[in-house]
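Trainee: Structure, please.
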Amino acid sequence: MAGTYDAGIKYGLIAVYAITGEKALAYALISHAGMYFPFLLVGGAYFILGSIHLKDIKNQSIEV
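Mentor: Down below sits the predicted model:
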């Protein structure tokens, strides 16, 4: 299942470089994962190593 990012990359590569849809989708998925997982890992490490706990987030009130 691909989202708007993947579809845009896929159809852009097909239109500009005339490559097959399978190769374009493969590139789109790999590039998407390559940009997503580093942020996920850094955010997860910050969350684990920092002084943030889920119970603190649940108990925090929202001030407007």
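
Trainee: mind checking the SS state of Asp6?
Mentor: Following DSSP: H, G, I helix; E, B strand; the rest coil, we place Asp6 in the helix state.

Trainee: same deal with Leu40?
Mentor: Applying three-state DSSP: Leu40 is helix.

Trainee: Tell me, how many residues neighbour it?
Mentor: 10 (other Cβ atoms under 10 Å). For the C-beta atoms, the positions are set from N, CA and C on the backbone; glycine is no exception.

Trainee: what's the spacing between it and Lys58?
Mentor: To Lys58, Leu40 is 22 Å away according to Cβ to Cβ, to the nearest Å.

Trainee: what about the helices in this structure?
Mentor: For the chain, the helices defined by DSSP state H cover 4-17, 21-49, 54-59.

Trainee: from the ones you listed, which stretch is densest packed?
Mentor: Of all the helices of the chain, helix 4-17 has the most neighbours on average by mean count of other Cβ atoms under 10 Å, namely a mean of 13.

Trainee: so what's Ile9 up against?
Mentor: Taking Cβ atoms under 8 Å, 6 or more residues apart in numbering, we find Ile9 in contact with 24, 27-28, 31-32.
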